[in-house]
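Undergrad: The sequence and its predicted three-dimensional model are supplied below.
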Amino acid sequence: RYFKEPGSALIALQKGEIQFTYVTADESELVSKDANLTLLPGPSQVINYLQFNLKDPRLADQKVRQAFMYAVDRTAIVDQLFKGTAVVVPCVFDNQKFVPQGLNAYKRDVARAKQLLSEAKWDSIKGEPIEVLTYYNDQLSKDILVTMQQQLAEVGVSIKIRAVDVPTFNGIVNKAGNPEWTIYYAGAAN
C-alpha cells in the first residue's frame, strides 16, 4: 500500500492493517518498544543519491559535480541524522564486489569545493537557485536535504527543495524531451 503521509505506514502497522514496512531510525525506537511488533534490523540495501541533469549547463562541468561531493558532509549526515544506522558509500553500489578499489571518498573539504567552483566559473553560471526535486516527504529526508542545503550554501551553491508525491515525481523525471528537473534526490535498491 502507498501511504502519502509520513508515519502513516507505521500507524497502519501498529493497527495490524499491514504486516511489514520500512521504518526510519526515529521510528525504529518506537517499534522496538512495542511488544506487538518485531524490529528486523539490518541493511536496507537502499542507496540515497543526487542525480544531476547534465543537460543543464550549470552542471555540465565535472568540477561542479565534484564540488557538490566535497561540500556535502555525508559522514556527519550518517552520524547525526541517521544516528549511525547508515553507511557512506563511494558510488551507487554498496556491494563491495562491484565497487572499484581506490575511489575518491570525497570527504568534506569546503576549500576544495570552492576551488573547483572557481575553476568552473560558478559565479558567472550559477543563475537562480537550483531546484532539488524529491519524492521523500518524511522528516529524516527533509532534515537531510536542509543539511545539504546549508552545506552547499557554505561554498556558494544555492538550492531550493521541492518535495512532491511519487506519481508527480515520476511524471516530471520520466517526461520525454527536455527534462523539467535539474537535480533530484532519490533512492534505489541494489
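TA: Thanks, I have it.
Undergrad: Now the element after the helix or strand bottoming out on mean pLDDT in the chain, going C-ward?
TA: The element with the least model confidence among the helices and strands of the chain, by mean pLDDT, DSSP states H and E, is helix 25-33, at a mean of 85. Once helix 25-33 ends, the next helix or strand along the chain (criterion: DSSP states H and E) is strand 46-52.
Undergrad: just the strands in this structure please.
TA: Residue ranges of the strands in the chain, as given by DSSP state E, are 46-52, 130-134, 159-163, 183-189.
Undergrad: Pick the most buried one from these.
TA: Comparing the strands of the chain on average neighbours per residue, with mean count of other CB atoms under 10 Å, the densest one is strand 130-134 at a mean of 19. Using the backbone N, CA and C atoms, a C-beta is placed for each residue, glycine as well.
Undergrad: Determine the angle, from 0 to 180 degrees, between that one and strand 159-163.
TA: Our comparison of strand 130-134 with strand 159-163, counting by axes from the mean of the first three to the mean of the last three CA atoms, to 10 degrees, yields an angle of 30 degrees.
Undergrad: Report all helices and strands that strand 130-134 contacts.
TA: Under the contact criterion of 3 or more CB pairs under 8 Å, 6 or more residues apart in numbering; DSSP states H and E, the helices and strands touching strand 130-134 comprise helix 139-153, strand 159-163, helix 166-173, strand 183-189.
Undergrad: Please repeat the previous calculation with a cut-off of 6 Å.
TA: Helices and strands touching strand 130-134, as assessed by 3 or more CB pairs under 6 Å, 6 or more residues apart in numbering; DSSP states H and E, comprise strand 159-163, strand 183-189.
Undergrad: how distant is the first one from the center of its chain?
TA: Same thing as strand 159-163. Per CA atoms, centre = their mean, to the nearest Å, the displacement of strand 159-163 from the mean C-alpha position of its chain is 12 Å.
Undergrad: Go ahead and name everything in contact with it.
TA: By CB atoms under 6 Å, 6 or more residues apart in numbering, the list of residues contacting strand 159-163 from outside reads 129-134, 137, 145, 149, 152.
Undergrad: now do stretch 179-190
TA: Outside of stretch 179-190, the residues within contact range by CB under 6 Å, 6+ apart are 45-48, 50-53, 56, 93-95, 130-134, 172.
Undergrad: re the thing from before, quick one, which of the strands of the chain is nearest to residue 106?
TA: Residue 106 lies closest, by CB to CB, to one member of the strands of the chain: strand 46-52, at 12.0 Å.
Undergrad: from what I can see residue 114 touches residue 154, true?
TA: No. Proximity of residue 114 to residue 154 does not meet the contact threshold set by CB atoms under 6 Å, at 8.8 Å.
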